[in-house]
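1. sequence and predicted structure are below.
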Amino acid sequence: MARITKISMTLCALLFTTLSFTPLANASEQARHTAVQKTHLAKTTERKKKSTQKNEKNKTASKQKKVSSKSSHTTAKNTRKTSRTASASLKEKCTVRKGHKSTCLKVSKTAKLSEVHKVRMQKAQKTAMKKLMGQIGKPYHWGGSSPRTGFDCSGLVYYAYKDLVKFRIPRTANEMYHLRDAASVDRGELESGDLVFFRTQGRGTADHVGVYVGNGKFIQSPRSGQDIQITSLSEDYWVRHYVGARRVMTPKTIR
């Protein structure tokens, strides 16, 4: 009887021990499982985050590449357009004179008008001076107006300007002085090519004319017995007989 009782007590003790530790073991196992799940979730979240960042970076790079490509295309297109515009902005200005070969000058349509006029004026002045200087040393000839016959004072001026201006150059010094198409010029503002007038014999307002060449000097065909020459305006004789100056070559009058 006592043996049976001892066996029963041993079984009860074992049953109690089993029932006491089983919940604890189950709780520990569940905690470990939960920790593993959290770690796995954290790693999954990190991978997704890195993948998203990589995709965003790739999209940004692709967008920048497209913008750069578009910008390059636009720049090339603008360059071609500018080139075509520059080419189209050039035009050829030609001057045709009877008995002479036409002369052409390329100018920009967008250039300032004053710049174009300046080029044309310089060219006209150079032409006039070349024609005048080529006659130095030739004898005075009353009524002459060509290198073949010689020149008087107004004939020399007529020869130099008749093909350079739009209007008709008169044949006498007095008519030139009163020419409506010529502008009056103060003595202190004389430029190469301006006409300078004198009254030497008291006939009309002016009876003698020359062409200012710069540095206070003018070219003239003085009188019978003398050659075409360059003279100083500051000489007493010419100072006393000076009556004024006219500018026949202006942007509006040159051909």
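-> Received, thanks. Fair warning: this is a prediction, and the values are worked out from it, not measured in the lab.

2. and the strands in the chain?
-> 90-95, 103-108, 145-146, 150-151, 183-185, 195-198, 208-214, 217-220, 229-232, 242-247 (DSSP state E).

3. so which of these gets nearest residue 119?
-> Evaluated over the strands of the chain, closeness to residue 119 peaks at strand 103-108, with 6.9 Å, by CB to CB. Heads up, the C-betas are built off the backbone N, CA and C, glycines and all.

4. quick one: average confidence on the closest one?
-> Computed over strand 103-108, the mean pLDDT rounds to 54.

5. can you check stretch 242-255 too?
-> 91.

6. give me the residue ranges of this structure where confidence is low.
-> Applying pLDDT under 70 to the chain picks out residues 1-45, 59-113.

7. outline the domain layout of it.
-> Following automatic domain parsing, one finds the domains of the chain at 1-88, 113-247.

8. got JSON lines for the strands of the chain, with mean neighbour count and distance to residue 136 too?
-> Shown next, in JSON lines, are those (neighbours: other CB atoms under 10 Å; distance: least, CB to CB, whole Å):
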{"stretch": "strand 90-95", "mean neighbour count": "11", "distance to residue 136": "26"}
{"stretch": "strand 103-108", "mean neighbour count": "12", "distance to residue 136": "25"}
{"stretch": "strand 145-146", "mean neighbour count": "16", "distance to residue 136": "16"}
{"stretch": "strand 150-151", "mean neighbour count": "23", "distance to residue 136": "11"}
{"stretch": "strand 183-185", "mean neighbour count": "14", "distance to residue 136": "24"}
{"stretch": "strand 195-198", "mean neighbour count": "24", "distance to residue 136": "17"}
{"stretch": "strand 208-214", "mean neighbour count": "22", "distance to residue 136": "10"}
{"stretch": "strand 217-220", "mean neighbour count": "21", "distance to residue 136": "7"}
{"stretch": "strand 229-232", "mean neighbour count": "15", "distance to residue 136": "7"}
{"stretch": "strand 242-247", "mean neighbour count": "18", "distance to residue 136": "21"}
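
9. identify whichever of those strands lies nearest to residue 168.
-> strand 145-146 (13.3 Å).

10. packing partners for the closest one?
-> Packing partners of strand 145-146 (3 or more CB pairs under 8 Å, 6 or more residues apart in numbering; DSSP states H and E): helix 153-161.

11. may I see the buried residues of the helix it packs on?
-> 153-161 (16 or more other CB atoms under 10 Å).

12. can you list those residues in CSV and add distance to residue 234?
-> Listed next are the buried residues of helix 153-161 as CSV, based on distance: CB to CB, whole Å:
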residue, distance to residue 234
153, 19
154, 23
155, 26
156, 21
157, 21
158, 26
159, 26
160, 23
161, 25
